[in-house]
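Student: Need coordinates for the below:
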Amino acid sequence: MKIKSIVPGLMIIFFLINHSYAQEPKMKTIFNGKNLKGWTVEPEDNMWWTVEDGKIAAENDPTKTGSILWTKKKFGDFVFQMDFLMGTGTVDSGIFLRSEKDQIQIGISGSLQRDMTGSPYIPGKSYPVEAEGVKDILQLKSWNTMKVKLVDQTYTVWINGEEVMTYTSENMPDKGPIGLQLHPNNEMSIQFKNIQVGKL
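Tutor: This next block holds a predicted model:
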């Protein structure tokens, strides 16, 4: 009788463990550490993005022209993770999700003039919500890890392992590329490495 009573409990635990693993996709590296193969630069005449020592570096040109580095592949639901290091100047960067309409901020907001890392920026809505606890988590002079999980139109952000924001957007495309931003009209630099994505 004791064995029979234990078995259902073990089955539940086994199910929960398997279910938990099922929620985490297999992550695949999408930056080879050598060049920008698999990525495309906008505008096409690249003078902003370079690769060295396994890192992507971005820096504004003298005319302060902005640029976006897009994945050539398009993604539906996914988990995206990468490390970033904020460099010189006033860093204003971010991650675009499927299009330019949804962005996760990295660094100083040009409109708010303060650090909004981890918060969503929506054209026409500015920052509809603000990431929580980032000031205590973010390392301004060291590498940080940002993870973004996007399911349907809802995305959640983690910084250095801590969940900081969840937001449900509107009218997001079902599929699209992932982009890294170098904001225009600025003097700044930023680096990225260990860039991975897992399809959900």
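Student: List the buried residues of stretch 103-120.
Tutor: Across stretch 103-120, burial judged by 16 or more other Cβ atoms under 10 Å covers 103-109, 115-120. Just so you know, the C-beta spots here come from the backbone N, C-alpha and C atoms, and that holds for glycine as well.
Student: Need the distance between the two termini of it.
Tutor: Its start and end residues considered, stretch 103-120 measures 6 Å (Cα to Cα, to the nearest Å).
Student: How far away from the center of its chain is stretch 76-84?
Tutor: Centroid displacement of stretch 76-84 relative to its chain, using Cα atoms, centre = their mean, to the nearest Å, is 5 Å.
Student: what are the ranges of the helices in the protein?
Tutor: Here the chain has its helices, by DSSP state H, at 2-22, 134-137.
Student: I'd like the buried residues of stretch 103-120 as a markdown table, with distance to residue 81 appended.
Tutor: Output for these, formatted as a markdown table (distance: Cβ to Cβ, whole Å):
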| residue | distance to residue 81 |
| --- | --- |
| 103 | 17 |
| 104 | 12 |
| 105 | 17 |
| 106 | 14 |
| 107 | 18 |
| 108 | 23 |
| 109 | 23 |
| 115 | 21 |
| 116 | 20 |
| 117 | 15 |
| 118 | 13 |
| 119 | 18 |
| 120 | 17 |
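Student: re the thing from before, ranking the helices of the chain by mean pLDDT, which is last?
Tutor: The minimum mean pLDDT among those belongs to helix 2-22 (a mean of 51).
Student: if we can go back for a sec, out of the buried residues of stretch 103-120, which two sit at the greatest distance?
Tutor: The span of the buried residues of stretch 103-120, defined through Cβ to Cβ, is set by 108 and 120 at 15.8 Å.
Student: List the contacts of residue 30.
Tutor: 38, 71, 73, 195, 196, 197 (Cβ atoms under 8 Å, 6 or more residues apart in numbering).
Student: Would you mind measuring from it to residue 102?
Tutor: 19 Å (Cβ to Cβ, to the nearest Å).
Student: same question, residue 153
Tutor: 9 Å.
Student: How about stretch 177-197, which residues are buried there?
Tutor: By 16+ other Cβ under 10 Å, the buried positions in stretch 177-197 come out as 177-183, 186, 188-197.
Student: Okay, and which of the residues you listed map to strands?
Tutor: 178-182, 188-197 (DSSP state E).
Student: From those, pick the one nearest residue 172.
Tutor: Nearest to residue 172 among these, counting by Cβ to Cβ, is residue 178 at 12.8 Å.
Student: Just list whatever residues bridge to the closest one.
Tutor: Here residue 178 sits in beta bridges with residue 97, as judged by DSSP bridges.
Student: List the contacts of it.
Tutor: Residue 178 is in contact with 70, 71, 75, 78, 80, 95, 96, 97, 98, 197, counting by Cβ under 8 Å, 6+ apart.
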